[in-house]
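S.K.: Requesting a structural model of the entry that follows:
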Amino acid sequence: MKRRLSGYKLLSFLFPILIVVLFARCDTANKDEIQGEEIAILTDAPNVPPPITRDHPTKVIVNLEVKEVIRKLSDGVEYTYWTFGGKVPGKFIRIREGDQVEFNLQNHPSSKLPHNIDLHAVTGQGGGAEASFTAPGHSSKFSFKALNPGLYVYHCATAPVALHIANGMYGLILVEPKEGLPKVDKEYYVMQSEFYTQGNYGDPGLQQFSMQKAIDENPSYVVFNGAVNSMVGDNAVKARKGETIRLFLGNGGPNLVSSFHVIGEIFDLVYGEGGVVANQKNVQTTIVPAGGSAIVQFKVDVPGTFILVDHSIFRAFNKGAIGMIKVAGEPDKNIYSGKQADEIYLGGDSEGDNDIRQPELEIEPSDANTSIENIMDTGKQIFLQNCASCHMADGKGLENVFPPLANSDFLMKDKNRSINIVKKGLNGPITVNGKQYNGLMPPVNISDPQISAVLTYVRNSWGNNGGNVTVEEVKKATEGK
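M.R.: Just a heads-up that it's a prediction; the model follows:
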């Protein structure tokens, strides 16, 4: 009898544990089962749908329209884009590992060609391309299960595949891991690609596709998010000092590998080739292959404008692969001081001794006791230190890249405009001596007396004859008076 009671006691002790284990197993099973359904939130670059917070897979309905549209490629330049969702790159799609996705592809009746979609996240023939072949004015439906977490490219795969991709048919789909990604403050979508136009960079009008340039892998444009200046100036993405930024990077190609770099920042984490495990820390530049992706994450410790580039650097400054992150907040001089001195360097002797002296920058051109010779000498030193690397020491600039200052009608036409360009920088197209230039000039970090001296020098050199620029004129121009 005592032994039976002992057995009953043991059973009564184990029973609650068994119940807990059974419920835990049921709960785990439920979390792996499809529960409910939702319509996917799709966003245009540089925006990203919000992180997924549910702890179970669901049926996700994706509705994506293909449309052929004429849009701006650069200032004064248009192109007929073939798009997923009306813009290039296509919509950002965000789903969760284990989701069952119902994909609906609609081809707008105005389209001239059939299209489909190959999602690199799909396990199945053609990544969905065969099942989604869609004529103009029709729609197609197929389903897939998101088996593998990661950041994946999608693109059109209708023949000729390269032509459809080259005209803008690509985007990113993120399959979040079940446990989600680490929380950050800001997430943005950046996709690089090339455009092969019959005209050269900046040639105005509606540009046609050049098959020969594409075959030769010689693009007229290399851009972020579908167009020159799509992430510059008012289009720059924003953050605040102390925030952590995650960039979802894609490369639509169709040909070039991207060497992605943010000037003035270091990637704290890099998820190479679109995987969900960070495989590198403290990275300066990361490779994004054509038809591939990467995720980079970094904290912004100081304010400023941080420039995004393809560090195959002529693509950035000559073909358009440039963007901006504008970070607001109070400076931290311990991390970055800004310019602390501005000295004239006269060179050293063979022993390596340097002869450095402070420039005479306290004199103002408006001072009657200051000779034009002294002003010109000071202005020349400032020009050689700050301007000559782009505009050349003889003021002739660089063909098709940096405009000339010598015999410059643009420079001489408007003194106030010239002052503000030095003070505040310049972005966008300008015409100098009948030729168009389209680049980015950052503000020159010099004082008002230095601006007056350097502009006096420039406006009286290389065939220019523009008289003095006084400190008072600099102050009035930059105050908007």
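S.K.: Model confidence for residue 383, exactly?
M.R.: At residue 383, the pLDDT value in this model is 86.
S.K.: Am I right that it is in contact with residue 457?
M.R.: Yes - the criterion here is CB atoms under 8 Å, and residue 383 meets it with residue 457 at 5.7 Å. For glycine as for every other residue, the C-beta is placed from the backbone atoms N, C-alpha and C.
S.K.: the more surrounded of the two?
M.R.: residue 457 (24 against 20; other CB atoms under 10 Å).
S.K.: What does the more buried one show for phi and psi?
M.R.: Main-chain torsions, residue 457, degrees, to the nearest 10: phi -60, psi -50.
S.K.: how close does it get to residue 373?
M.R.: Applying CB to CB, to the nearest Å, the value for residue 457 to residue 373 is 11 Å.
S.K.: And residue 294, by the same measure?
M.R.: Counting by CB to CB - residue 294 and residue 373 are separated by 56 Å.
S.K.: So which of those two has more stuff around it?
M.R.: For residue 294 versus residue 373, neighbours defined as other CB under 10 Å are more numerous around residue 294 (25 against 8).
S.K.: In contact with that one, which residues are there?
M.R.: 151, 249, 260, 270-274, 286-288 (CB atoms under 8 Å, 6 or more residues apart in numbering).
S.K.: Residue 99 is in contact with residue 177, correct?
M.R.: No - under the criterion of CB under 8 Å, residue 177 lies out of contact with residue 99, with a separation of 11.9 Å.
S.K.: Report the central residue of the protein.
M.R.: Closest residue to the average C-alpha location of the chain: residue 323 at 4.4 Å, with CA atoms, centre = their mean.
S.K.: Give me the local confidence score for that one.
M.R.: Residue 323 carries a pLDDT score of 96 in this model.
S.K.: in which helix or strand would I find it?
M.R.: strand 322-328 (DSSP states H and E).
S.K.: Show me what that strand pairs with in its sheet, parallel or antiparallel.
M.R.: strand 237-240 (parallel), strand 304-310 (antiparallel) (DSSP bridges).
S.K.: tilt between whatever helix or strand comes next after the first one and strand 304-310?
M.R.: As assigned by DSSP H and E, the chain's next helix or strand after strand 237-240 is strand 244-253. What separates the directions of strand 244-253 and strand 304-310 is an angle of 30 degrees, with axes from the mean of the first three to the mean of the last three CA atoms, to 10 degrees.
S.K.: Tell me the helix or strand right after strand 244-253.
M.R.: Proceeding N to C from strand 244-253, the next assigned helix or strand is strand 258-263, under DSSP H and E.
S.K.: the strands in the stretch 201-350 of the chain, which residues?
M.R.: 205-207, 221-224, 237-240, 244-253, 258-263, 267-271, 280-283, 285-288, 292-299, 304-310, 322-328, 344-348 (DSSP state E, counting those that start in this stretch).
S.K.: If we go by neighbour counts, what in the fifth one is buried?
M.R.: When burial is assessed from 16 or more other CB atoms under 10 Å, strand 258-263 yields the following buried residues: 258-262.
S.K.: ok, so of the residues you listed, who is nearest residue 74?
M.R.: residue 258 (19.2 Å; CB to CB).
S.K.: Distance-wise, check the closest one relative to residue 472.
M.R.: Using CB to CB, residue 258 is found at 48 Å from residue 472.
S.K.: mind checking the end-to-end distance for stretch 449-467?
M.R.: Stretch 449-467 has an end-to-end distance of 16 Å (CA to CA, to the nearest Å).
S.K.: so for it, what's the average pLDDT?
M.R.: On average, the pLDDT along stretch 449-467 is 90.
S.K.: Now do that stretch: everything it contacts.
M.R.: 342, 361-366, 372, 375-376, 378-380, 382-383, 386-387, 394-396, 405-408, 411-412, 415, 418-419, 422-423, 444, 446, 468-471, 473-474.
S.K.: Repeat the analysis, applying 6 Å as the threshold.
M.R.: For stretch 449-467, the external contacting residues (CB atoms under 6 Å, 6 or more residues apart in numbering) are 361, 364-365, 375-376, 378-380, 382-383, 395, 405-407, 412, 422, 468-471, 474.
S.K.: Which SSE is immediately downstream of the strand ranked longest in the chain?
M.R.: When the chain is parsed with DSSP state E, its longest strand is strand 59-74. Later in the chain than strand 59-74, the nearest helix or strand by DSSP H and E is strand 77-84.
S.K.: Can you tell me the strand partners of the very next helix or strand once past that following strand and which way each runs?
M.R.: Counting by DSSP H and E, the next helix or strand C-terminal to strand 77-84 is strand 93-96. Next to strand 93-96 in the sheet, as set by DSSP bridges, lie strand 170-176 (parallel).
S.K.: Output the following helix or strand past the partner strand in CSV with nothing but the alpha carbons.
M.R.: Beyond strand 170-176 on the C-terminal side, the first helix or strand identified by DSSP H and E is strand 186-195. The C-alpha trace of strand 186-195 is given here as CSV (Å, rounded to 0.1, in the frame of the first residue of the first chain):
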residue,chain,number,x,y,z
LYS,A,186,16.9,54.2,-39.1
GLU,A,187,16.6,51.9,-42.1
TYR,A,188,17.0,52.9,-45.8
TYR,A,189,16.9,51.3,-49.2
VAL,A,190,19.7,52.0,-51.6
MET,A,191,20.1,50.3,-55.0
GLN,A,192,22.9,51.0,-57.5
SER,A,193,22.5,50.4,-61.3
GLU,A,194,23.7,51.5,-64.7
PHE,A,195,21.9,53.1,-67.7
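S.K.: Please name the residues that touch residue 85.
M.R.: Contacts of residue 85 were listed using CB under 6 Å, 6+ apart, and they are residue 91.
S.K.: mind checking pLDDT for it?
M.R.: Per-residue pLDDT puts residue 85 at 97.
S.K.: Please report the distance of it from residue 176.
M.R.: 21 Å.
S.K.: same thing with residue 168?
M.R.: Look at residue 168 and residue 176: by CB to CB, they are 26 Å apart.
S.K.: Kindly report the same for residue 64.
M.R.: Residue 64 sits at a distance of 19 Å from residue 176 (criterion: CB to CB).
S.K.: per-domain residue ranges of the chain.
M.R.: Domain assignment for the chain by automatic domain parsing gives 38-328, 344-478.
S.K.: Please identify the most buried of these.
M.R.: Among the domains of the chain, domain 38-328 has the highest mean neighbour count (mean count of other CB atoms under 10 Å), at a mean of 19.
S.K.: from the chain's centre, how far out does that domain sit?
M.R.: Chain-centre distance of domain 38-328: 10 Å, with CA atoms, centre = their mean, to the nearest Å.
S.K.: Over to stretch 332-339?
M.R.: Centroid separation for stretch 332-339 versus its chain: 25 Å, with CA atoms, centre = their mean.
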